[in-house]
Every structure is written in structure tokens, then in C-alpha cells.
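**Student:** I need the structure of the sequence given here:
(2 chains)
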Amino acid sequence: MTTRALDRPGLTLPPFAAKTVGIVLLFILWEAAARAYAGSFILAGPLAVTAYLAQHADLLARATARTLTNAAWGFLWGNLAAIALAVIVILLPRMERLATAVSLLIFCLPLVATGPILRVLFGTGEAPQITLAALAVHYTTFLALMVGLRAVPQSWLDLVRTHGRGAGAQLVYVRTVASLPYLTAGLQIAAPAAILGAMIGEFTGAERGLGVLTIRAMRAMDVDATWAIATLAAALSIAAYGAFGWLGRRLTGTPPALLLTAPRPAPPRTLGRRVLGLAILIVTPLLLWYGVMEAFSLNPFFAKRPADILAFLVTGPEAAAHRAALLGAYAETLAFTLPGYAAGLALGALMACALLLAPGLGTTMLPVAVALRSIPIVTTAPLIVLALGRGAAGTIAIVAVMIFFPTLVACLQGLRQTPRQVVDIFDSYASGRWRLLILARIPAMLPAFFASARMAIPAAILAVTTAEWLATGKGIGALMALTASTSDYNMLWSAITLVALTAAATYAAVSALEDAVLRVYAAEQVAR
Amino acid sequence: MTTTRTFHGLNRRTFLSTGAAATLALAGRPAFANGKDVALQLSWLHSVQFGGSYIARERGYWAQNGLNVALNPGGPNAPVEPPVVAGNALVGISAADYTAAAVAQGAPFKIIGVAMQKNPFAIASLAANPVNSPKDLEGKSIGMALANMPVLQALCTLNDVDIDAIEVIPTQYDAAPLVAGQVDSLLCWATDLPVAMAIQGVEAVTMLMADHGYAVHSQTYIATEDSLANRRDDLVALMRGEVMGWNDYLADPAAAAALTVEMFPDAGLDLPTQVMQAERQVPLMFSDLTEAQGFGWFTEDTVAQNIETLALLDRNVTADLWDRSILEDVHAA
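**Tutor:** Numbering: from 1, shown residues only, chains lettered A, B, ... in the order given. Next up, the predicted model:
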């Protein structure tokens, strides 16, 4: 099929038929791949999966109900927290850096550290799974929503101000409506993340659920069960993704407005204010870290405080050896993080452009993208390793798979935000789709793209550590996994600190680049 | 704020009802009327690996000793040591090497009983390319978590094997790489991945490391020094129930497997797998020593062998890590 045919399916096939053909092809490809790998216990095809689903309907229904309930609660709490935080930041713009930093740092906490803490805090129930699902969604929703709340024409804000009303009224009457498409994209990103978060949360010692069944099935080499559960998780995620997309289209009837904000020069900031700002950014997380652990009386055996890490890495007797071990692993990790991050971002953005140029691709590509995001990486990693090996290609592929989805969704939504008037002008000059894409749509996408570039930073680091744990056995990921058997929680928290610092520094660098670009292309996004 | 209200309103009713269901489910746990609530932190998901404990609960061996024991499952990201240190669990199921590491990090643990007299670590291989002795590893590849390098190193040292002649490939804990031919052998427990392969029709060769000098107590019961000083009665009652449960297990492992599958319908357990696992762990847990002295027992000799192997793992411990006083009370009665 040519792009033209995909672009205008009405000219060749009726849309419904085109969609059906795409989905059928996908299933045939899947079955063929499963047959090609038959005997290696790595992939089960749709026929085997369907048989397993039918034979174990009761068990899977109970597990699904459990996991989905936890995911829904986590989705609710995580998104409510994100929305509350975004509202605070819009009303008190000075809080932005701090709020973003804390949000980012919490997102950086790996399961090896949060698992035991949540279990000790909450006991054996469902609360740890719900919390982990919430943690999996709050950061991405917060970032997406922030872009949306700012995507408003200056003239509308001025209109509110001329009526003598302040930031609160602007938020209620102008910003909320403008943020809806972005919030929708945020929720679409969050839905599979919540399901995955609830499943992974079950790895911390849950009684039941799809995550528990996944561990069991993989240990038992029950490849039909493994892929039946993966298919279920993917199907649920695709349904949730579709539902929020539908809801978003219902809620946002108006076409995107022309923002027309004049480019804004960077305001001067005195050295004193910069230093103060940085000091607040460093001290507050440290206080939170210490304060939360003390408030809950978390045992210092596994809940290390900032002072423990200082002693372990700097002042203690074997600090030099600890630093050497940590930094050696860190260097191995960095070597894969950057290419994986770049590959994931590029894949997401390019795929968004491709889907815009050839919407017909969406029927098959979007479900695959959602599925890749919602199936635990423990299930897909063996397949990637088999195809690409345990070297750089395999690791980078695992990272790209774990981070490209939020970029795709955010960019797709950003591309659609191109103001109707701008598109009309291009149309009236009969310029081609490529010209429209490059000159109008991609600039309109930039705020969303940068938001996803910021979203992907902690995700990329966590993805590399996961790949290291599953495939290469090197780097910070392997070091952190090792702490579970050696109780070396000092090393674990040192690694977390280093990871968090890296994420924060990268975030600052991406933000600086973003500031420079958006001052020209989307000045409304740049906080004053 | 209209948006948030819409989303909230849409979801609230469903969430309220599911929340109520969750509360009911929690309230519906099996509760024995008068027992004192304590928890035993298991080291993995529910399976016949802990069959004796399930028997103890099912047949009331704890209830008759005045305890109501919650059996908390573990998982890939659920280390045993934190809940025991924090007091969430009275006793945890650990292993001598894990416990030694935790003690080195400041955790006040003692090993108060040993369920697996022989360490379950094994080298699994396929019959066409078998590893029957440690020497056979030279020139072959092995799939394992790199975290277990010290274990492989210890095996090589004990048996004079050149570790550099072994190609180590980091893999997930999964038998598929061996079956698919990505690796020649796997470092795994004798009681899980080889059982999975057998059930799938692939009969593996299993070389138990304990048969080649690797002496590390596994599935050990750990408690804190504080509990040993202040909660002796609870510890004795808990271990008494364990001993009674595991004695019943030895009499009929298949029944223990059936009970496990029945008790945990949501765990996705398969009866033939559980029966085979139940049978294969019997020789690891029961020996002439336990025959003579009772389940869970250890002696100065077995402790000394452990200290030697642990030293190869860079874990330097003394016999103080073990405390037999609880078991002595249990078996004296």
C-alpha cells in the first residue's frame, strides 16, 4: 500500500475494511512470529493465547479484577495529585521549579527501594500496588497538564484581567478549557502506565493479580500463560487509551486556538536569586527525604537517610571504595542511557509525524504502541534479547520500547494542536502535506515534544537499569538489583541519589534548551 | 476546575463500590478466634515450597499453641529482611548467605532453624550436553544473574575449576534460554526451573551444588535478637507449629501439594508441578540429622561447614549467627 492509499483510505478501501485488514495482518504476523520461535518458550501466538484465555477464564477474571481495581485507584490518586500540583504551580508560578523537582525525584525511586518501604508501611494489602500505580502516573500527567494550562492566547488572559479578575479566574475560565486536550493526552499516557504500575507493584509481595500470575508463568516456562496475561494487560490498556481519547474528543469541541504570543526575551536574574533558587532546590528534597523517613519511623537498616549516604560515600572509612564501585557502574549505565533516550524520543516523534501523514497506520501502530507500554518488560525483554542480543542494540531497544510511547502520544496531540487558521492558510496556497508538517505542525508540536523529552528523562534512566538487571548484568541496574540479596541499602540509596541527581541535571539542561526554543516558537509556555 | 469535577464524578461511584469490595475482601481473611497475631514472612510467592507452614495453619497447629500466624508472601521485589527488622514479621524465611550479609549491614538477626539442610542451588543442563560434575562446566556457558557470581566462584574454588574457562551469560531467572540453546547450563534452584522443564517435557540434568561442597543453609528461619530476648514464647510456639507441619509434610508430600493448590486458588498453581516440586524438595529438607534430632536442626559441624563456605562468598561469620535455643525448647517438649 502506498502512503497515499493509507492517507486517504476512502479512495481505495472503505475505512472499516482498511482497519480490519490492518488488524488481521497484525495477528497473522504475530502468529507467524510465534511459530518461528516455537520450541524456544519465548512467544506464544494468538491461537495459543486464545485457548489459554478460554481454559482459565475464571482465574484470569479474578486476577484482572484485582489488578484493574488497584490500577484504577492508583490512576485516580496519581492524577488527582498531578492536577492539584499543576493548579498550585499555575497560581504560584514561583513554585514551579520546586514542584517539578520533587515530582521528578519521586518518579526516580526504583521498585527495589520503594517495594520494601511500602510493604513495611502498609502491610500485606493492596496499598503498595495502588501507591506504585499512582507513582507511575503523577509525573507524566503533571507535565502534560502544565503545557496545556499555558497553551492559551495572551489576549484571553488579558480579557479576564480587564474585567478586574485575577489568576484564579484565568484558571477557571481560560486555562482549564485550553488544557483539556493536553490533560486527555496525559490521561492516555497514564492509563497503560497505571495498569503496568499495579502489575509491577504485585512484585513486592502481593497475594494475587496479573503481576503475580506473570511471575508464576515465567518461572513455569508457561509461555501460553505469560502471553495470555500480557495480551489481557495490553487489551485493557488499549481500551482505556481509547476511552480517554473518546472522552477527550467529546470534551474538546473547539478547534485549537491561534496563540500568537510574541517572542519573549529571557528576563535577567541576579546571581543572588539564582543561588538562592538552587539552594532551595537542593535543601527541600533532602529535608523531605529525611522528614518522611523520620515521620514514619522507617527503620534505618533499609531506609537510609541523607547523612548515611554522606558517610557511605564521603566521610566513612571505605568511602573511596564505595565511590569507585558506584561510579564504575554509573559509567556503564550512562553509555546506554543517552542513545536509548535519543532513540526513544526520535522513535516517538517520528512515529507521531508518520501517523499524521498516514492516519491509516494508526489502526495497527497505536495498539502495538500501547501494548508495548503496558506489557511488563520482563515478558518482552527475552524476545528483544533473542532478536537483538545482550549488547548495545538489545539494551537500547529495551530503553526505547519503554519510553517512546509517552512521546508518541504527546507529540501526536501536539501536532493536532496546529491552529485551524494556520492550516487554512497553507491549504489556500495549496502547499503540500510535508510543507505544512515542517512549517506549521512541527512548531505547534514543540511544547508537547519538549514536555515529553522531560517526561522521558527519569523513564530512560529507569529503563536502562531495568535492561541492565534483565539482560546485561552490568551498571547501576545490576548494582541495585544486587542490594536485594546483600542488604546493602547504603549502596542502593547512594545509587538512587546519583540517578536522581543525573535526572535533575538532565532535566535542567533540556529545560534550558526548551526555554531558548520556546521563547521563539511558543512564548506562552515560558514562565515569567 | 470543571474538568476535574467531571472526571471525579464519572469515577467516584465505581471507586466507592470497588473500595467497599476491597474492604470486605480484607475482612474476609481466615481468622482464628483467640490466637495472638504474628506474621511469618515467606521468601517467595505462595507455593508448596512452604507446604509445611500451610499444613500447620490448616490443621490448627498454631491455633492450639495460641498463635494466629499470617503467612505473608514474598516476591521478586520483596526482600525478607526489612519486614523482620521493622517488626512487621516475627520470623522470616531467609538463607544463611542473605542473613550473613544483612548482619554485616547491622541487622540483629539470628538463624533459629534450618528448613533446607542442603542448599537448593543446582546447575541444570540438557541431557545432550550434560553438566554432571563441576569440572564439566569448563568450556561451557552458564546463564545466571550476575548477582550470583560469588556462588559460582565458591563452587569453582571448592572443586578446583577454572572459572575463567566458563562463559557467564546474564539471564533472567527463566529456563527458556537453556531450552532455546542460548546457554549450555543454568544456575538455578533444583526445585523450580528443572521442575518447570520436566512438566514441559524437557528432562534436565541437575547437579546439586550441595553435593559438591557448597554448604549453605537455606530456607532458614530468622528472628531479631530483640524477639529472641523478649518474645521467646511466641517464637517457640511458631517453630513448634512449623515442625509439626513439616513432619506431616514428610509423611505425605503430595497431600501438601494438593493443600497448597486448594488454599491459594488465585496463585495460578498447577497441581502436577506442585507435586513434583514437593517430592524434589524432600531430600533437601530431611536427612539423617533431622531423622535423629527433628526438623530444622543444625549442629556445630553443619554450622562449621557453613562458616567455611560463607567465607568463600566473602561473608565472614562466627557460630554466633546461629541460635538453637528455640529449637531445643521445641524438640524437648
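
**Student:** Determine the number of other residues adjacent to whatever residue of chain B ends up closest to chain A.
**Tutor:** For chain B and chain A, the shortest gap (Cβ to the nearest Cβ) falls at residue B:170, measuring 2.9 Å. For every residue, glycine as well, the C-beta is placed using N, CA and C. Neighbour count of residue B:170, defined by other Cβ atoms under 10 Å in any protein chain shown: 21.

**Student:** where does the stretch 1-150 of chain A have low pLDDT?
**Tutor:** A:1-16 (pLDDT under 70).

**Student:** Tell me the residues on it that lie near chain B, please.
**Tutor:** A:39-42, A:59, A:62-63, A:66, A:69, A:72-73, A:76, A:79-80, A:83, A:87, A:111-112, A:115-117, A:119-120, A:123-126 (Cβ under 8 Å from any Cβ of the partner chain).

**Student:** repeat that with 6 Å
**Tutor:** A:40, A:41, A:42, A:62, A:69, A:83, A:111, A:115, A:116, A:120, A:124 (Cβ under 6 Å from any Cβ of the partner chain).

**Student:** Which member of the residues you listed is positioned nearest residue A:161?
**Tutor:** residue A:83 (24.1 Å; Cβ to Cβ).

**Student:** Which parts of chain B are strands?
**Tutor:** B:36-41, B:67-72, B:91-94, B:109-116, B:121-126, B:141-144, B:167-170, B:185-189, B:204-208, B:218-224 (DSSP state E).

**Student:** As TSV, the residues of the stretch 1-150 of chain A next to chain B with neighbour count would be great.
**Tutor:** Formatted as TSV, the residues of the stretch 1-150 of chain A next to chain B follow (neighbours: other Cβ atoms under 10 Å in any protein chain shown):
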residue	neighbour count
A:40	17
A:41	25
A:42	26
A:62	15
A:69	22
A:83	23
A:111	21
A:115	24
A:116	31
A:120	21
A:124	21
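
**Student:** And the next helix or strand past the helix or strand residue A:60 falls within?
**Tutor:** Secondary structure assignment for residue A:60, by DSSP states H and E: helix A:57-91. On the C-terminal side of helix A:57-91, the nearest following helix or strand under DSSP H and E is helix A:96-107.

**Student:** How far away from the center of its chain is that following helix?
**Tutor:** Offset of helix A:96-107 from its chain centre (Cα atoms, centre = their mean, to the nearest Å): 15 Å.

**Student:** try stretch A:490-498
**Tutor:** 23 Å.

**Student:** before we move on, what about stretch A:202-212?
**Tutor:** Counting by Cα atoms, centre = their mean, stretch A:202-212 comes out at 22 Å from the chain centroid.

**Student:** sorry, back to before: could you identify the most distant pair in the residues of the stretch 1-150 of chain A next to chain B?
**Tutor:** A:40 and A:83 (45.6 Å).

**Student:** Residue B:68 - nearest residue in space that isn't next to it in sequence?
**Tutor:** residue B:35 (2.9 Å; Cβ to Cβ, 6 or more residues apart in numbering or on different chains).

**Student:** what about whichever strand or helix holds residue A:156, average pLDDT?
**Tutor:** Secondary structure assignment for residue A:156, by DSSP H and E: helix A:154-162. Averaging pLDDT along helix A:154-162 yields 85.

**Student:** sorry, back to before: with secondary structure added, can I get the residues of the stretch 1-150 of chain A next to chain B in JSON lines?
**Tutor:** Below are the residues of the stretch 1-150 of chain A next to chain B laid out as JSON lines (DSSP: H, G, I helix; E, B strand; the rest coil):
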{"residue": "A:40", "secondary structure": "coil"}
{"residue": "A:41", "secondary structure": "coil"}
{"residue": "A:42", "secondary structure": "coil"}
{"residue": "A:62", "secondary structure": "helix"}
{"residue": "A:69", "secondary structure": "helix"}
{"residue": "A:83", "secondary structure": "helix"}
{"residue": "A:111", "secondary structure": "helix"}
{"residue": "A:115", "secondary structure": "helix"}
{"residue": "A:116", "secondary structure": "helix"}
{"residue": "A:120", "secondary structure": "helix"}
{"residue": "A:124", "secondary structure": "coil"}
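
**Student:** closest to residue B:293 among these?
**Tutor:** The closest of the residues of the stretch 1-150 of chain A next to chain B, once distances to residue B:293 are taken by Cβ to Cβ, is residue A:124, at 33.7 Å.

**Student:** what's the nearest residue to that closest one if we skip its chain neighbours?
**Tutor:** residue B:72 (5.2 Å).

**Student:** And stretch A:81-101, end to end?
**Tutor:** 15 Å (Cα to Cα, to the nearest Å).

**Student:** near chain A, which residues of the stretch 1-150 of chain B show up?
**Tutor:** B:3-4, B:18, B:72-79, B:81-83, B:85-86, B:88, B:98, B:101-102, B:105, B:107, B:146-147.

**Student:** Tell me which residues are up against stretch B:68-81.
**Tutor:** Residues from elsewhere that reach stretch B:68-81 (Cβ atoms under 6 Å, 6 or more residues apart in numbering or on different chains): A:111, A:115-116, A:124, A:203-205, A:207, A:484, A:487, B:32, B:35, B:37-46, B:53, B:62, B:92, B:94, B:102, B:107.

**Student:** Buried among these? Make that a PyMOL selection.
**Tutor:** To isolate the buried ones among those in PyMOL, judged by 16 or more other Cβ atoms under 10 Å in any protein chain shown, type:
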select buried, (chain A and resi 111+115+116+124+203+204+205+207+484+487) or (chain B and resi 35+38+39+40+41+42+43+44+45+46+53+62+92+94+102+107)
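
**Student:** Most proximal residue of chain A with respect to chain B?
**Tutor:** residue A:473 (2.9 Å).

**Student:** In contact with that residue, which residues?
**Tutor:** So residue A:473 contacts B:146, B:170 (Cβ under 6 Å, 6+ apart).

**Student:** which residues touch residue A:468?
**Tutor:** A:474, A:475, A:477, A:478.

**Student:** And the third one, which helix or strand is it part of?
**Tutor:** When elements are defined using DSSP H and E, residue A:477 is found to belong to helix A:475-486.

**Student:** does chain B sit close to that helix?
**Tutor:** Yes - Helix A:475-486 reaches chain B (Cβ under 6 Å from any Cβ) through A:478, A:482, A:484, A:485, A:486.

**Student:** Which residue is the nearest non-sequential neighbour of residue 210?
**Tutor:** Because you didn't say which chain, this covers chain A. Using Cβ to Cβ, 6+ apart, the nearest residue to residue A:210 is residue A:67, at 4.4 Å.

**Student:** I was after chain B.
**Tutor:** Residue B:210 sits nearest to residue B:118 (Cβ to Cβ, 6+ apart), 3.9 Å away.

**Student:** Identify the residue nearest the geometric centre of chain A.
**Tutor:** residue A:406 (5.1 Å; Cα atoms, centre = their mean).

**Student:** OK, contacts around that one?
**Tutor:** So residue A:406 contacts A:140, A:189, A:452, A:455 (Cβ under 6 Å, 6+ apart).
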